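Novice: Attaching a predicted model along with its sequence, questions to come.
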Amino acid sequence: MKVLVVYLGQAAQSNFAYSTQTGVWGFKPNMQPVDAFGVGDVLLFVSGFEGNIRLPEEKWLQHDVTMVATAEIESPIATETTVHWPDERAANKVLYPKRFKFSKLRRQDGQYPLSDARYFPRDLSLAVRAAALGRRGHVLQIDALPQWLNDPSASPPAPRQPLPSAPRDPVQPAVPKKLTVPETLIEISNYIAARGFAFPPRVLQAFYAALRSKPFVILAGNSGTGKSRLVRLFAEASGANIANGQFTMIPVRPDWNDSSELLGYFDLNGDFIAGQLIAPILMAHQNPKKPFFVCLDEMNLARVEHYFSDFLSIVESRRRDSNTIATDPILRDAQLSKMKKDALRGDVLAALEHLKGIGKPLGLPDNLYVVGTVNMDETTQPFSRKVLDRANTIEFSDVDLMQGIDEEVVASEVPPLQLDQSFYRSEFTTLNDLLSSHREKAKQIAEMISDLNRDLGLAGFEVGYRVRDEAISFAVYASSAGMTNEEVNEAIVLQKILPRVHGSSPRVEKLLMSLLKRLKGDSDAPDENDPELAHKLAALRVDSEASAIVRKIAGMLILFREENFTSFWLA
C-alpha cells in the first residue's frame, strides 16, 4: 500500500484545522511529493515532534510525536485557482494550488515514540522525517500500517513501563544502508538548513545533476541570493571544506586577461609559478576517491573567454579511459618539474612530489568540480555562446523572503555526510555511453530539443549536438535525483536553451512569441497584435501558476518591448 506522509509544523496548524472541515489538502507549486499517489491511498498527518527536526536519523528516532491523523485520499492531485485556506485569504492569493481531497479523517493525540516499532516501523518513522525535512509530502510504499493506525476500532499500543530510574529503551542500531540519491540530497538539504540557509529541492536536485553531467556549472542571479553559499555548503555537506583542502574559493578579479592567474606561468627565471587552480588539481589527483570543489566567485567580473578558455577546451576533451575519465594534459612534465614550491602548502607539496614520480602529463582529474557564480548587472561581462554551451546555468531568480521565517529553530549539530567520489562520478562522456541503458530518455529529450530548434531557428539560436548530449546526460541524473519529467524538461530549457537568446532584432521577438505559444498553447498565449499584450505579459510574468519558462519568456518579451533589446539575464 502507498502512504502519503505529511508533517505539520507550527505554521501549518491553522490550515490543518481548516482542512479537517473541508477535506482538502494542498502543496505549494513544485513542492508536491516526488512520487505519485492516487485515489484509495492512505494520507498520514503527523505533528508535535519534540525537538529539532534536523537531527540525524538515529537521534531523530529517540523522540516522540504527539499527533497523528489518518485519512483516505479520494481524488487525484490537481491544480486549483481559488483561495481556500486561512493564510491564502490573508494574503489574498493562491499559495497551495496543487490540491487533492480526502475523507474518513481519524485523529489521535498522545505520546507516540518514533523508536517503537509497535507505533512506527522504522521505514514509516524515517518517512515522517523525510516529509519534515523536505517540507513536502513523502510517499512510502509499505506492506501494511500498524493496526492502531489502520483500524478505527484499534487503540494505540500501551506504553512500555520502564523500571524506576531506568533510562528509556535505546534505539536498536540498524544495519547501515546505502542512501539513495534523493535520500542523500535530503540529508544535504538538512545540513544546509541547520546552518540557517534553505534552497528549494529542485535547485539542489538540478545542481547535483549538473555536477554529474559535467564538472563545470554556472550559478547566476542577483547579488545576495545565496549562490556562493550554496557551493560552499553543498561541498561541506559532502565532507569537502577549506581545512581538508577539498574546497577552494577563488575570487575573480576584473584585470584577469589570460589563464595565468588560474593555471600558472613561467617567470623570467624559468620557474613555473602555480596558479590558484593548480593546488586543487594536484590534491584531486592525489586523492581520487574524494570529491574536490572550486568556486570561482563572481567569475564574470573579467571576460570568461580570456582567462578560462584553456580550461574550457580541456573539459571538452573528456573521454572514458577504463574506469576513469581522462582529458588532454593540463599540467605537463616541464610545469611539474619546475614548479616553484615556496608558496605551496605542505599537503599540496606532497601531492606534487608524488605526481612528479608518475612521469607523465596530468589531465583534469575527474573528481574536480568547478562552479562559477555570476551577477548579471552593469559591472559584469556578458557570456558568449562558447561558455554557455559548455555549462549548465542555474539561475537564482525566485526569491521567497518569507522562507524559513515560520520554522521552529532549535540549535543542533548536523554532521557532514563524508561522501566519496562515487556519488558524483559521471558515467557518461558521450551519447554512446548512455544509449544502452537510457535510450528512451535520450529519445524523449532529443525530440523536445528538436521541436524547440524549429523556433530557435527563427533568430539563429539553434543548438547543436553538444547541447543535446549534455541535456540528455543531465536528464538521466536529474531523474535519479527525484525530478519529474516535467521538471527535467523545464530545467533543460532554462539552463541550456533560453540563456543563449538575446538581441535587438525583430526576429528575437518573433522567436519568443513562437516559444510562448508552443509552451503555453496557441489558445492561451497572448497574440502579438493584441492591444492588451503588455498588460497580459505583465500578468503572466508574475503568475504563480505559470511555469518558470513561461514567466521568463514573458519577462524577456516585456524587456524587448520596453528597451528594443532583450536578454535572458536581464528579464
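Specialist: Alright, I've got the coordinates.
Novice: how about stretch 536-547: buried residues?
Specialist: By 16 or more other Cβ atoms under 10 Å, the buried positions in stretch 536-547 come out as 537, 540-541, 546-547. For glycine as for every other residue, the C-beta is placed from the backbone atoms N, C-alpha and C.
Novice: Return the subset of those residues lying in strands.
Specialist: If you go by DSSP state E, these have nothing in strands.
Novice: what about the residue lying closest to Leu458 once chain neighbours are set aside, which helix or strand?
Specialist: For Leu458, ignoring the flanking residues on the chain, the nearest one in space by Cβ to Cβ, 6 or more residues apart in numbering is Leu511 at 4.5 Å. Taking DSSP states H and E as the definition, Leu511 sits inside helix 506-520.
Novice: Same check on Phe37?
Specialist: Here Phe37 is assigned to no helix or strand, by DSSP H and E.
Novice: Next up, the contacts around the closest residue to it other than its chain neighbours.
Specialist: Leaving aside its chain neighbours, Phe37 sits nearest to Leu4 (4.7 Å; criterion: Cβ to Cβ, 6+ apart). The contact partners of Leu4, by Cβ atoms under 8 Å, 6 or more residues apart in numbering, come to 33, 37, 41-44, 73, 137-139.
Novice: for stretch 5-17, which positions count as buried?
Specialist: For stretch 5-17, the neighbour count (16+ other Cβ under 10 Å) marks 5-8, 12, 15-16 as buried.
Novice: So which elements touch the helix holding Leu511?
Specialist: If you count contacts as 3 or more Cβ pairs under 8 Å, 6 or more residues apart in numbering; DSSP states H and E, helix 506-520 packs onto helix 431-456, helix 548-563, strand 566-567.
Novice: just the angle between it and helix 548-563, please?
Specialist: 150 degrees (axes from the mean of the first three to the mean of the last three Cα atoms, to 10 degrees).
Novice: hang on, the earlier thing: please convert the helices and strands packed on helix 506-520 to TSV, extending it with distance to Leu268.
Specialist: Formatted as TSV, the helices and strands packed on helix 506-520 follow (distance: least, Cβ to Cβ, whole Å):
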stretch	distance to Leu268
helix 431-456	45
helix 548-563	49
strand 566-567	43
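Novice: can you map out the strands along the stretch 201-350 of the chain?
Specialist: Under the criterion DSSP state E, counting those that start in this stretch, strands of the stretch 201-350 of the chain are mapped to 216-221, 247-251, 265-266, 272-273, 292-297, 319-321, 324-326, 329-331.
Novice: which of the ones you listed is buried the deepest?
Specialist: Of all those, strand 292-297 has the most neighbours on average by mean count of other Cβ atoms under 10 Å, namely a mean of 25.
Novice: before we move on, the earlier item: tell me the contacts of the residue nearest to Leu458?
Specialist: Applying Cβ under 8 Å, 6+ apart to Leu511 gives the contacts 455-456, 458-459, 461, 501.
Novice: How about Asp297?
Specialist: Asp297 touches 228, 249-252, 373, counting by Cβ under 8 Å, 6+ apart.
Novice: domains for this protein, by residue range?
Specialist: Domain ranges of the chain: 2-150, 200-396, 430-499, 501-571, per automatic domain parsing.
Novice: follow-up on the earlier one: relative to helix 431-456, how tilted is the helix holding Leu511?
Specialist: Going by the same axes, to 10 degrees, helix 506-520 makes 110 degrees with helix 431-456.
Novice: So that it lines up with my notes, have the first residue be 8 from now on.
Specialist: Right, with 8 as the first residue, what we last looked at is helix 513-527.
Novice: Could you check how far helix 513-527 is from the centre of its chain?
Specialist: 28 Å (Cα atoms, centre = their mean, to the nearest Å).
Novice: Quick one: the helices in the stretch 108-257 of the chain, in order.
Specialist: 129-141, 154-157, 188-201, 208-220, 234-244 (DSSP state H, counting those that start in this stretch).
Novice: before we move on, the earlier item: biggest separation within the contacts of Leu11, which pair?
Specialist: The span of the contacts of Leu11, defined through Cβ to Cβ, is set by Ile80 and His145 at 14.2 Å.
Novice: And the two? Which one has more around it.
Specialist: The residue with more neighbours, out of Ile80 and His145, is His145; 24 against 21, by other Cβ atoms under 10 Å.
Novice: List the beta-bridge partners for that one.
Specialist: Val12 (DSSP bridges).
Novice: how close does it sit to Ile479?
Specialist: Between His145 and Ile479 the computed distance is 29 Å (Cβ to Cβ, to the nearest Å).
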